[in-house]
Structure formats: C-alpha cells, structure tokens
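Enquirer: everything below, folded, please.
(one chain, ligands or ions: 1)
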Amino acid sequence: MPNYQPVKGTHDIYGKEAIGMRYIEAVLGAACELYGYKEIIVPSMEYTEVFARGTGEGSDIVRKEMYTFLDKGDRSITLRPEFTAGVMRAIISNKLYAGDLPLKLYYQGPAFRYERPQLGRYRQFHQFGVEEVGLDSSRADAECICLAVSALQMLGFENVKLKINSLGDNETRAAYREALVKYFSEHIDEMCDDCKERIKLNPLRILDCKVEHDQEIAKGAPRIKDYLSEASEKRFYETLNIINAMGIDYEIDENLVRGLDYYSEVVFEIHLTSPENKDYGAVCGGGHYGGLIKGLGGPDLAGVGFAMGLERVYSLMEDSHLLDHIEEGVDLYVMPVGDKVLDEAFEITMACRSFGYSTETPLAALKFGAMFKKAEHLGAKYALIVGEEEMIHGILKIKNLQSQEQKEISLENLQEELDKIFHEGHEEHHHHCHCHEE
Ligand code: HAM
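Expert: Numbering: from 1, shown residues only. Alright, predicted model coming up:
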C-alpha cells in the first residue's frame, strides 16, 4: 500500500501560519541587521563528518537523531540537525575568517532531527540563528544575548526570561566531568537507561534529565560553579554585568548544560510561557564555543551564537495574540455588476495592482450579495463597483467597507483618486504593508 501521508513529524505550513512565519523571519532579520549581522545561506546537507565532528559525537543529536544516508557515490550525507557546524564549515571553506573580524552572520531554514514528535517538537522544523565569530570576549557573548532578547521583544514578547550558566573552559569541564562521574557512579544503578549511557558519553547531560528520581539524585551532585577557573568565573560575571546593565532579567540555572558538544563558557536558553501555560520547550538556545572551528580544520577562533525554533515562536505568538495585526486583507475588491462589464472589471483590477494595491475580483459574474460576502471574507478595505451605466460615463463607485461610505470617482484619474483615499483614510496603510512585505 502506498503511503501518501506526510512524513511523521513533518508539517505543512499554510494560510495564517505561513504569513506568521514569514513575518517572524522578517522581524528577526531586521533585528540582526540592527546589530550588524549579514545573512548567510548554507546547504541543507553536509558530509556527515561536519556534524559528527562539529555538533559532537557525544550529543544525542549525533548519536541518535540524524537523518544520514549514502548518496549514489557512496558518500555519507546528513540533513542538517542544526546550523552551527555547517556555518563554521562554510566560514572555513570560503576563508571568511580572512576578512574583517568579528564575522556576524545570521541564517534561517529547515533543520531535521529524528526525535519523538510532540507539542513544539518536529522532525523537520525551522530555525533562525546567528553566529558571531572571531572576537573571544565576555562583551561579544553579552551582545549576542542582548540580540536574542531584543529580537523577541521586537516580536512583542514582554516577559522574556533568560536562563544562563557557565560551563567554564576546557579544564573546568574536564575536572567537573570527572567529579560528576565519581558522584553519579554511586547512584547509577537506580537511574534511567539514558543516564546509564550519559555517564559514559556525556555526564553533564545527566543534570538536565527529566526523570524525577534522577533529578532528586542530581540535586546532590557537585556544582559547576565550584569548578570554574578564575578566568572563567571572571568572564561569566562580566557577561552578567553587561546584560544586567541592559536591564535584561536573568536567572542562573546551574543545571543548564545544553545538548551540543561544542559549548564552553557561557550558555543560555530562553523559555516563554503561553497564556494557557502550554509548554512548547525552549524558544532559543545558544552559547559560546571555543574549539569548534579549529576542530573542523580551521583557525583557532572562538564564536558565540544562538538559534530559535520558529514553530515554537509562532505558537507562542499566536497564543499571546501577537500576530492578530498581521492578518491583512486585500485593499480592493472589484465588483462587476453583470456579465457585460467583466472585461472592464478585469482591466481595472490589473490597473489597481499595477498602482500597488492588492486587488481581487471574482473573474466570473456573481450576484451582488455574493460579492459583498466574498469581499468580507477577503477582508477587503474598499469595494470598487463597476456598473454598466457608470462605465459609459467613465465613473466608478468606491465603497469603504468599514464605514459603508460610498462615493463616485473618475476612471481617468483612478490612480490619483485611490492614492488620495488610501492616504487620507488609512494613514497606517503603508506602514502595515511594510510589516509583512519586508
Ligand atoms: P538547540 O538548542 O539544539 O541549539 O536548538 C535551538 C532551538 O531550536 C531550540 O531552542 C528550539 O526552539 C528549536 N528546536 C530544536 N529542536 C526542535 C524540534 N525537534 N522541533 C522544533 N523546534 C526545535 C542549536 O541548534 C544550536 N545550533 C544553537 C547555537 C547557535 N549555539 C550556538 N550557535
């Protein structure tokens, strides 16, 4: 039996959600441009080594969630489970590091992870993210965090809560890992199967295990802050001071370890609550990375970045009514009254479009009442009524569908007449247009 269902964990985006997603991308892109970031468009697939080496062999993503296949030339290819490793590969391939540093790049597009689908979790989802490479400092880290927070504020979110932690430098992480293994070894028999694996591969991940009993045990584990080197601690507090001075609310979360291998020093996540308290998971995650570019064969440059899950951002905006204003209807609905003016109505429709007004017309004769229903359904602002009698005199009727006011305008000066009407009555007309066309 052929299977014509969508692939499990994928979803089609259409209608309001498609408009919403494009709007979100436009606002996030504009936020990035304010901070001097430029867009980079990278392939959706890379040789598997890029993610194995970059995202890291110890991460759940690489161990069990990648869509990996052999191409017809027997090369192992992986659909990107995240962008960071691929963007670093692009920086190295194109020697982008040879230009002015820091490099500030943003990107967007689909990502693929073989995860268990649930609320806010898909197998194909969309990320928007940034990477700043080549300036290894607490201020660069802080600037990146400020961008994440202010981008969400630009979308209209008010209580943006930031969770932040420091994983320290490589020595810190090595010493801390050892201490965790020592502590958890004594309890591992009573812990979940995932943790039994994590203790071997990535003991830090035990700290963010969701199993209640394991969380209890984790409460007694050594704390990372007791292992931070002096330099890492200083760097962390510098970052905190800057974001504090920017008025950003944060909470230090010592169990925040992040699921990817490349992080060192500061890591962060942003969680937003929906009015109905639905839990879509983190909307944004990121942090600093020290050895990633070198590990992929490039120069020894550090970076910092984050990525947001656009489906999650969309769902939260929808629940919080932050997208209501982008549901724009058409400017004009051209109504031919009777069969004889269908051609004229079509010409007028095309003319209005060429003047820059979004315009619809039925293309086939419809009853007057049915046309008003259609206009309402389309959210049209004005109806342009094309009558046989009026056409002889080169006259159209235009009706404001909100106020029901109606007047006559001359066909000859259609563009000027429309410009006048839209500028007078709808000061915000052009402003709205930009919102979802930029
Ligand atoms: P991540 O935390 O794995 O980080 O993913 C970032 C965001 O993508 C998450 O916070 C979430 O909103 C969204 N996301 C992840 N998995 C799914 C899924 N299965 N369904 C829906 N949304 C999902 C990264 O990917 C890093 N590359 C971020 C980064 C950039 N770090 C430094 N630079």
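
Enquirer: quick check: residues of the chain near the ligand?
Expert: With CB under 6 Å from any ligand atom as the criterion, the chain meets the ligand at residues 82-84, 113, 115, 120-122, 125, 127, 129, 131, 259-260, 282-287, 305-309, 311-312. For every residue, glycine as well, the C-beta is placed using N, CA and C.

Enquirer: can you list the strands that the helix or strand where Pro336 lies pairs with?
Expert: Element membership for Pro336, per DSSP states H and E: strand 332-337. Using DSSP bridges, strand 332-337 pairs in its sheet with strand 359-360 (parallel), strand 382-387 (parallel).

Enquirer: can I get that strand in CSV, CA atoms only?
Expert: Only the C-alpha atoms of strand 332-337 are listed here, as CSV (Å, rounded to 0.1, in the frame of the first residue of the first chain):
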residue,chain,number,x,y,z
LEU,A,332,-9.7,46.5,-3.1
TYR,A,333,-12.4,44.1,-4.2
VAL,A,334,-13.5,45.0,-7.8
MET,A,335,-17.2,44.1,-8.3
PRO,A,336,-18.5,43.7,-11.9
VAL,A,337,-22.3,44.3,-11.8
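
Enquirer: just the buried residues of that strand, please?
Expert: 332-337 (16 or more other CB atoms under 10 Å).

Enquirer: tell me which residue lies nearest the centroid of the chain.
Expert: Leu310 (3.4 Å; CA atoms, centre = their mean).

Enquirer: who's in contact with that residue?
Expert: For Leu310, the contacting residues are 21, 24-25, 108, 125-128, by CB atoms under 8 Å, 6 or more residues apart in numbering.

Enquirer: need those residues in a markdown table with neighbour count and pLDDT, can you?
Expert: Formatted as a markdown table, the contacts of Leu310 follow (neighbours: other CB atoms under 10 Å; pLDDT from 0 to 100):
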| residue | neighbour count | pLDDT |
| --- | --- | --- |
| Met21 | 18 | 97 |
| Ile24 | 24 | 98 |
| Glu25 | 17 | 98 |
| Gln108 | 21 | 98 |
| Phe125 | 19 | 98 |
| His126 | 21 | 98 |
| Gln127 | 21 | 98 |
| Phe128 | 25 | 98 |
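
Enquirer: chain center to stretch 40-48, what's the gap?
Expert: Here stretch 40-48 is found 18 Å from its chain centre; the criterion is CA atoms, centre = their mean, to the nearest Å.

Enquirer: and for stretch 58-74?
Expert: The mean C-alpha position of stretch 58-74 is separated from the chain mean by 24 Å, CA atoms, centre = their mean.

Enquirer: with stretch 352-363 instead?
Expert: With CA atoms, centre = their mean, you get 32 Å for stretch 352-363.

Enquirer: and that stretch, what's buried?
Expert: By 16+ other CB under 10 Å, the buried positions in stretch 352-363 come out as 352, 357-362.

Enquirer: export those to TSV and tack on distance to Met391 and secondary structure?
Expert: TSV is the format used below for these (distance: CB to CB, whole Å; DSSP: H, G, I helix; E, B strand; the rest coil):
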residue	distance to Met391	secondary structure
Cys352	16	helix
Tyr357	20	coil
Ser358	23	coil
Thr359	17	strand
Glu360	19	strand
Thr361	15	coil
Pro362	17	coil
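
Enquirer: between which two of those residues is the distance greatest?
Expert: Tyr357 and Pro362 (17.0 Å; CB to CB).

Enquirer: who's in contact with the residue lying closest to Asn165 once chain neighbours are set aside?
Expert: Counting by CB to CB, 6 or more residues apart in numbering, the nearest residue to Asn165 once its immediate chain neighbours are dropped is Leu256, at 4.1 Å. By CB under 8 Å, 6+ apart, the contact set of Leu256 is 163-165, 208, 267-269.

Enquirer: who's the residue in the stretch 101-250 of the chain that the ligand sits nearest to bridged to?
Expert: At 3.5 Å from the ligand, Phe125 is the closest residue in the stretch 101-250 of the chain, using CB to the nearest ligand atom. Beta-bridge partners of Phe125, counted by DSSP bridges, are Ala111.

Enquirer: residues in contact with it?
Expert: By CB under 8 Å, 6+ apart, the contact set of Phe125 is 110-111, 113, 309-311.

Enquirer: just the buried subset of those residues, written out for PyMOL, thanks.
Expert: In PyMOL, a selection of the buried entries from these looks like this (16+ other CB under 10 Å):
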select buried, resi 111+113+309+310+311
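
Enquirer: turn the contacts of Phe125 into JSON lines, including pLDDT.
Expert: Rendered in JSON lines, the data for the contacts of Phe125 read as follows (pLDDT from 0 to 100):
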{"residue": "Pro110", "pLDDT": "98"}
{"residue": "Ala111", "pLDDT": "98"}
{"residue": "Arg113", "pLDDT": "98"}
{"residue": "Gly309", "pLDDT": "98"}
{"residue": "Leu310", "pLDDT": "98"}
{"residue": "Glu311", "pLDDT": "97"}
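
Enquirer: so Ser76 sits against Leu70, correct?
Expert: Yes - with contacts counted by CB atoms under 8 Å, Ser76 reaches Leu70, the gap being 5.9 Å.

Enquirer: can you map out the helices along the stretch 151-300 of the chain?
Expert: 170-185, 193-201, 212-219, 230-245, 292-295 (DSSP state H, counting those that start in this stretch).

Enquirer: what angle separates the helix or strand just after the last one from helix 230-245?
Expert: So the one you mean is helix 292-295. Using DSSP H and E, the helix or strand that follows helix 292-295 in sequence is strand 303-309. Here strand 303-309 runs at an angle of 50 degrees relative to helix 230-245 (axes from the mean of the first three to the mean of the last three CA atoms, to 10 degrees).

Enquirer: helices and strands around strand 303-309, which ones?
Expert: helix 84-93, strand 124-133, helix 138-154, strand 284-289 (3 or more CB pairs under 8 Å, 6 or more residues apart in numbering; DSSP states H and E).
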